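*Asks:* mind folding the following:
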Amino acid sequence: MLEKAPFLRLDEEVATRLLTTALREEVNKAGFDKVIVGLSGGIDSALSLYLCVKAFGAENVIAVRMPYKTSSPASLEDAQLAIDDTGVESLTIDITPQIDAYFERIPDATPLRRGNKMARERMSILYDLSAQYEALVIGTSNRTELLLGYGTQYGDSASAVNPLGDLYKTQVRQLAAYLGVPEPIITKPPSADLWEDQTDEDELGFNYLDVDRLLYYMIDRQYTLEQLLALQFDDAFIRQVSQRIIRNQYKRTMPVIIKLSERTVGIDFRYLRDWGS
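*Replies:* Predicted structure coming up:
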C-alpha cells in the first residue's frame, strides 16, 4: 500500500515513543493515572488501546464495548481479540434499550440520525464510566476523519486526549501492524458500524489511500489546485475533499465564544499559558 504513498511512511519506533510519552504526560498532567477507551472492534480504537497499554500498563486501561442490536457480531469478536491480547479490564454495555426508547417516537428517523445518536450515547457512557474509574477518555479519531469531518461531534470525535489525531488512516494501519494489533482487525474494511453493512469508504465515496495522498499534498505540502491537478488528481475529487474540510471546520474547534470582555476564555485567556501571568 505504501508503495503508492512512500511519503506517508512512519518511523514506527519513533512515532510510538513520541505518542506514548506525550499521552502519558498529558494524562498525568491532568492528575490521572488511568484511561478508558471505547473499543469498537475497528483498527482506530484498537490502536488507541495498544498505545494506552504501552503508555500506562494494562492494569491502568479499561476497554468498553458498546454494541447496538444491529452491530456486527464480528466487531464484538474482533474487540475481544484486542482485549485478550492486551489483558486489559473490559466492560460490555448494550446501548439498544436507550436508543430504541428514544426513537420509538421517531420511527422514520434516518440511519444518519440513528448513527449519530448511537455515537453520542457511547461517548456519554464513556464519560460516566470515566468518573467511576477516575480515568480519562482517550480518543480514537484519526487525522483523515478529523479533516473530512467524518465523525459525530460530541460523539466519537470527543475525548480528553487523542493520540491518533495526527495520523492519517494509512499511517494508523502501519502503526497498528507494528504494535501487533490482531490481523483480522487490520485487514477488514473500515466501518463505524453505525448501521448494518455500513463501511467508511462506501459512505465517503472514495478509499482512504487515495484521500490520504491528496490530503498530504493539500494540507502538509499546501499545493495549489494547479499543482494538485498536475499530480493527476481528479478535479471533482479535489473539490469534494476541499469542501468537506471547509464545511466541517466547526467540528475541529471548541464551541465559538462570542467575545465581549477583555480576556475571553480560549481567546485571550488560555490556561495554562495565562494562569498567574
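*Asks:* ok, the most centrally placed residue in the chain - contacts?
*Replies:* Nearest residue to the geometric centre of the chain (Cα atoms, centre = their mean): S141, 1.2 Å. Contacts for S141 (Cβ atoms under 8 Å, 6 or more residues apart in numbering) come out as D44, G151, D156, S157, S159, N162, L164, G165. No exception for glycine: its C-beta is placed from N, CA and C like everyone else's.
*Asks:* and whatever helix or strand R114 lives in, what does it pack against?
*Replies:* Assigned by DSSP states H and E, R114 belongs to helix 111-133. Packing contacts for helix 111-133, counted by 3 or more Cβ pairs under 8 Å, 6 or more residues apart in numbering; DSSP states H and E, involve strand 34-38, strand 61-65, helix 96-103, strand 135-137.
*Asks:* highest average neighbour count across the ones you listed?
*Replies:* strand 34-38 (a mean of 26; mean count of other Cβ atoms under 10 Å).
*Asks:* what's it packed up against?
*Replies:* helix 43-56, strand 61-65, helix 111-133, strand 135-137.
*Asks:* by how many degrees do it and helix 43-56 diverge?
*Replies:* Strand 34-38 runs at 170 degrees relative to helix 43-56, counting by axes from the mean of the first three to the mean of the last three Cα atoms, to 10 degrees.
*Asks:* quick one on the thing from earlier: now the residue nearest to the centre of the chain: how far from T264?
*Replies:* According to Cβ to Cβ, to the nearest Å, S141 and T264 sit 27 Å apart.
*Asks:* cool, E104 as well?
*Replies:* Taking Cβ to Cβ, one finds E104 at 42 Å from T264.
*Asks:* compare the two (neighbour count), which wins?
*Replies:* Set E104 next to T264 and count neighbours by other Cβ atoms under 10 Å: T264 wins out with 13 against 8.
*Asks:* and that one, what does it touch?
*Replies:* I257.
*Asks:* which of the helices and strands packed on strand 34-38 is buried the deepest?
*Replies:* By mean neighbour count, with neighbours taken as mean count of other Cβ under 10 Å, helix 43-56 ranks first of those at a mean of 25.
*Asks:* roughly how far is that helix from the heart of the chain?
*Replies:* 12 Å (Cα atoms, centre = their mean, to the nearest Å).
*Asks:* distance of the residue lying closest to A79 once chain neighbours are set aside relative to A63?
*Replies:* Using Cβ to Cβ, 6 or more residues apart in numbering and skipping residues adjacent in sequence, the residue nearest A79 is G41, 4.0 Å away. In this structure, G41 and A63 are 11 Å apart, going by Cβ to Cβ.
*Asks:* what touches both of these two?
*Replies:* Each of A79, A82 lies in contact with both G41 and A63 under the rule Cβ under 8 Å, 6+ apart.
*Asks:* give me the contacts around the helix or strand of the chain with the lowest mean pLDDT.
*Replies:* Sorting the helices and strands of the chain by mean pLDDT, DSSP states H and E puts helix 200-204 at the bottom, at a mean of 78. Identification of contacts with helix 200-204 by Cβ under 8 Å, 6+ apart yields L148, Y150, P189, P190, S191, A192, N207, Y208, V211.
*Asks:* in stretch 139-155, which residues are buried?
*Replies:* Along stretch 139-155, these residues count as buried under the neighbour rule (16 or more other Cβ atoms under 10 Å): 139-153, 155.
*Asks:* just checking, D85 touches G180?
*Replies:* Yes: applying Cβ atoms under 8 Å as the test, D85 and G180 come out as touching, 7.3 Å apart.
*Asks:* okay, those two: which has more neighbours?
*Replies:* Using other Cβ under 10 Å as the criterion, D85 and G180 rank with D85 on top: 17 against 11.
*Asks:* that one is in what secondary structure piece?
*Replies:* In this structure, D85 sits in helix 73-86 according to DSSP H and E.
*Asks:* which non-adjacent residue is nearest G205?
*Replies:* Nearest residue to G205 in three dimensions, chain neighbours excluded: Q240, at 7.6 Å (Cβ to Cβ, 6+ apart).
*Asks:* how about G155?
*Replies:* Leaving aside its sequence neighbours, G155 sits nearest to A119 (Cβ to Cβ, 6+ apart; 3.0 Å).
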